[in-house]
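1. I would like to see how this sequence folds:
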Amino acid sequence: MMHYFHRQVKLWGEDVQRSLQDKRIAIIGSGGLGSSLAFALGATGIGEIHIVDFDEVSVHNIHRQIAFKTGDEGKNKAVINAGIIEERCPYVKAVAHECDFAEFANKGIEVDLIIDATDNLPVRGTINEYAKIKQTPWIYGSVEAFHGQVCFFDKASFNDVFKITLKEPAGIAAPIVMHIASLQANLALRYLAGQPVKKDFLYYLFFNDEGELMTQKFGLPS
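-> All right, here's what the predicted structure looks like:
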């Protein structure tokens with residue numbers, strides 16, 4: 001196993017790498033962010049990854065959802081992502097849940113971390129409420145056009161920071177999806193490996209009118 005994770009072991013040693021085998025996470029959503037998260041975290045050695053999505057692949061998903069290819073239309077997104085993870089890494093158990101978050105929450109599966117990969121504000125509010133009840137941290141991510149947001153929620157509450165409304169997402173550039181998912185994955189892996197993580201800070205990334213990548217961060221009330 002250590003040969004497979006050679007470059008990570010050089011970061012934090014064999015004991016930390018082995019400890020990842022005892023970690024469980026849930027990725028809620030298996031589309032754009034969820035696909036990229038599956039690739040970014042699926043071969044890190046996290047012992048068990050639960051992937052939740054009721055939706056099926058459509059042709060308009062494929063350009064920004066890197067797990068899917070033409071011919072996957074009509075297949076469940078969570079099932080495809082779980083299969084990819086287990087094909088790439090023999091040391092990770094990937095479990096697909098073909099359901100929405102509410103149904104997954106009712107299953108009572110205990111995890112160390114929840115990662116939001118949805119595109120729905122009300123569902124994120126529900127994830128937040130569930131995480132508070134379970135006292136489980138969760139990582140929020142969202143993308144739209146050429147910008148995105150990331151936050152590791154611990155003491156702060158999503159519902160106190162965001163106005164929960166139904167909102168149709170605007171157009172999305174595929175690279176920003178992968179970028180935001182990568183930031184989420186880095187926060188997740190650092191946390192699970194016992195590395196320092198800045199919690200309850202909202203990071204907002206965007207390109208200004210001159211095409212410069214800007215990053216702003218905001219401390220959230222706990």
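2. can I assume residue 18 sits in a strand?
-> No - when DSSP: H, G, I helix; E, B strand; the rest coil is applied, residue 18 is found to be helix, with no strand at that position.
3. State the distance from it to residue 190.
-> In this structure, residue 18 and residue 190 are separated by 17 Å, where distance is defined by Cβ to Cβ, to the nearest Å. Glycine gets a C-beta too; all of them are placed from N, C-alpha and C.
4. and residue 53, how many neighbours does it have?
-> Neighbours of residue 53 under the rule other Cβ atoms under 10 Å: 26.
5. and it, what does it touch?
-> 28-31, 34, 76-78, 81, 97-98 (Cβ atoms under 8 Å, 6 or more residues apart in numbering).
6. Output the longest helix belonging to this structure.
-> helix 174-192 (DSSP state H).
7. following it, which helix or strand comes up?
-> Reading on from helix 174-192 to the C-terminus, the next helix or strand found by DSSP states H and E is strand 201-207.
8. the inter-axis angle of that following strand versus helix 174-192?
-> For strand 201-207 against helix 174-192, the angle between stretch directions is 160 degrees (axes from the mean of the first three to the mean of the last three Cα atoms, to 10 degrees).
9. Check which residues of the least confident helix or strand in the chain by mean pLDDT are buried.
-> Lowest by mean pLDDT, DSSP states H and E among the helices and strands of the chain is helix 158-161, with a mean of 91. Burial within helix 158-161, assessed by neighbour count using 16 or more other Cβ atoms under 10 Å, is assigned to 158, 161.
10. What helices and strands are in contact with it?
-> helix 121-134 (3 or more Cβ pairs under 8 Å, 6 or more residues apart in numbering; DSSP states H and E).
11. now the contacts of residue 53 in CSV, with neighbour count?
-> CSV is the format used below for the contacts of residue 53 (neighbours: other Cβ atoms under 10 Å):
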residue, neighbour count
28, 28
29, 28
30, 31
31, 23
34, 27
76, 20
77, 28
78, 29
81, 30
97, 23
98, 17
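12. which residues of this structure score low on pLDDT?
-> Regions of the chain meeting the criterion pLDDT under 70 cover residues 164, 166-169.
13. residue boundaries of the helices in it?
-> Chain-ordered helices for the chain, with DSSP H as the definition, fall at 6-20, 32-41, 77-88, 101-106, 121-134, 158-161, 174-192.
14. Chain neighbours aside, what residue packs nearest to residue 123?
-> residue 101 (5.6 Å; Cβ to Cβ, 6 or more residues apart in numbering).
15. same question, residue 162
-> Across the structure, with Cβ to Cβ, 6+ apart as the measure, the residue nearest residue 162 apart from its sequence neighbours is residue 121 (6.5 Å).
16. Could you tell me which residues within stretch 9-26 count as buried?
-> Of all the residues in stretch 9-26, those buried under the rule 16+ other Cβ under 10 Å are 9, 16-17, 19-20, 23-26.
17. Contact partners for the closest residue to residue 118 other than its chain neighbours?
-> Of all residues not flanking residue 118 in the chain, residue 29 sits nearest, at 4.2 Å (Cβ to Cβ, 6+ apart). With contact set as Cβ under 8 Å, 6+ apart, residue 29 has these partners: 52-53, 116-119.
18. One more: residue 1?
-> Neighbour list for residue 1: 17, 45, 91 [criterion: Cβ under 8 Å, 6+ apart].
19. so how far is residue 113 from it?
-> With distances taken as Cβ to Cβ, residue 1 is found 22 Å from residue 113.
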